[in-house]
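Peer 1: sequence below, structure please.
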Amino acid sequence: MRQTYKNTNKRIQHIFRLVGIVLVLISTRIAQSISTGGSSNGLTSKFPLSGIAPDPFVLVSPLVIGVVCRDGVLLIALHSVFSTENGRVVVSQKDLPRSYRGPFRIYPLDSSGTTAMVCAGWRTDCQFLANSIRSIDKKEHHVFGNPAISSSNGIEYGSYLACKASLLMAKLCISETRRPLSCLALLASGTGLWMVDSTGAYRIRAHAIGAGSDQMNKQLRKRDWKNLDCNEAAIDLLQILFDEENEDNDPTATEHDNDSSSSSSETDDTKIKIPKESLVEIATVAIPEQNNVERKMKRLFASELSSKTISS
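Peer 2: Below you'll find the model as predicted:
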C-alpha cells in the first residue's frame, strides 16, 4: 500500500510540473505575440504592409496633377508655402517668380529631357527618388547610349524607369536598415504617364495626388484630355483650381435663400480647396520626334497662357 501511495504522489507531482511548463510556454507565447503587434509569427514587424494605410505626408502634400494630352503630357504642381522679400504675394500672380531657383517639384529625369516626374509627399524623399532614377538613367546611357533618343516614342523607356523606381520603393519597404519613402510619383515620358509607388507602376491617363486630390480626380474624370493640347489643358486646369477660390472671395457675393444655401453645401464636397496664396509650377513633356535630339522638358507660365487666350 505504501509503495502504491508513493507512486501515486510521484505521478501527481509529475503532472503538476508538466502543467506548469505548459503554462509558462503559453504565457511566453502570448507575450511575444503582444510585443510583435498581435502577429503570431512576427512577420508584421519585419515586413510592414506600407501600402495599406495612406501615407500622412502624401495626404497633406500640396496638390500635383498629371494629364495625358494630344501633344504630350502636362504636369502641374502647387507650391502652397511661399514667401517673397516683402512678405506678400500678389493674388493675381499664380506663377513662381522668374528668379526662383528651387526647390522645384517637377524633376527632369533623363539626360535627353524626354522623361520628367512630379512627386507628392516628403520633399526629401521626392528628391531622393528623382536622384535614384537619374542614376539609373546614367547607367543605361553609359552602357547602351541614349535610350530615350533611340526609342520611337519614349514610352518603353518611361515604363522601364517607372518599374525601376517602383522596385526601389518596394525594396525600401522591406529593408531592415532603411525606412520606406513617404512619397508618390507621377512619371511622364512621351505620351505615357505612370503612377509609381511601392506596389507597382500603373499607367494612367489623368490623375491627381495630394491634398484635394479626391475632388480633383472627379473633375479629371469628366473630360477626355487627349482631345486638348497641353496649353489648352493647362488653361482649363488652372480655371478649375483658381476660379472657385476667386468666387469664394468675391466681395460682391450676396446672400441666398435657404434652398440655394443647401444646394451649395451639397456641392462643397466637389470643390477643390487650396491655400489662398498657392503658386503653380507647370511643365510639359512633348511627344518625341524622329531625328530631334533637343527635346527638353518645357516649363510653362500661367501668365503667358492667359495672355495667349486673351489675344486669340
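
Peer 1: quick one, helices of the stretch 1-150 of the chain?
Peer 2: Applying DSSP state H, counting those that start in this stretch to the stretch 1-150 of the chain gives helices spanning 2-35, 43-46, 56-59, 123-144, 147-150.

Peer 1: name the stretch among these that sits most buried.
Peer 2: helix 147-150 (a mean of 19; mean count of other CB atoms under 10 Å). The way it works is simple: take the backbone N, C-alpha and C, and place the C-beta from them, glycine included.

Peer 1: circling back: JSON lines please, covering the helices of the stretch 1-150 of the chain and showing distance to S111 and mean pLDDT.
Peer 2: Shown next, in JSON lines, are those (distance: least, CB to CB, whole Å; pLDDT from 0 to 100):
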{"stretch": "helix 2-35", "distance to S111": "49", "mean pLDDT": "70"}
{"stretch": "helix 43-46", "distance to S111": "38", "mean pLDDT": "46"}
{"stretch": "helix 56-59", "distance to S111": "29", "mean pLDDT": "88"}
{"stretch": "helix 123-144", "distance to S111": "6", "mean pLDDT": "90"}
{"stretch": "helix 147-150", "distance to S111": "8", "mean pLDDT": "53"}
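
Peer 1: where does A201 fall, secondary structure wise?
Peer 2: Assigned by DSSP states H and E, A201 falls within strand 200-203.

Peer 1: out of the helices of the stretch 1-150 of the chain, the one nearest A302 is which?
Peer 2: For A302, the closest of the helices of the stretch 1-150 of the chain is helix 123-144, at 22.2 Å, according to CB to CB.

Peer 1: for that closest one, C-alpha coordinates in PDB please.
Peer 2: Provided in PDB are the C-alpha atoms of helix 123-144 (Å, rounded to 0.1, in the frame of the first residue of the first chain):
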ATOM      1  CA  ARG A 123      10.200  66.600 -50.200                       C
ATOM      2  CA  THR A 124      13.400  64.900 -49.100                       C
ATOM      3  CA  ASP A 125      12.100  61.600 -50.200                       C
ATOM      4  CA  CYS A 126      10.900  63.100 -53.500                       C
ATOM      5  CA  GLN A 127      14.400  64.400 -54.200                       C
ATOM      6  CA  PHE A 128      15.900  61.000 -53.300                       C
ATOM      7  CA  LEU A 129      13.600  59.200 -55.700                       C
ATOM      8  CA  ALA A 130      14.400  61.600 -58.500                       C
ATOM      9  CA  ASN A 131      18.200  61.300 -57.900                       C
ATOM     10  CA  SER A 132      17.900  57.500 -57.900                       C
ATOM     11  CA  ILE A 133      16.100  57.500 -61.200                       C
ATOM     12  CA  ARG A 134      18.700  59.800 -62.700                       C
ATOM     13  CA  SER A 135      21.400  57.400 -61.500                       C
ATOM     14  CA  ILE A 136      19.600  54.500 -63.300                       C
ATOM     15  CA  ASP A 137      19.400  56.600 -66.500                       C
ATOM     16  CA  LYS A 138      23.100  57.400 -66.300                       C
ATOM     17  CA  LYS A 139      24.000  53.700 -66.100                       C
ATOM     18  CA  GLU A 140      21.800  53.000 -69.100                       C
ATOM     19  CA  HIS A 141      23.300  55.800 -71.000                       C
ATOM     20  CA  HIS A 142      26.800  54.600 -70.200                       C
ATOM     21  CA  VAL A 143      26.200  51.100 -71.300                       C
ATOM     22  CA  PHE A 144      23.700  51.400 -74.200                       C
END
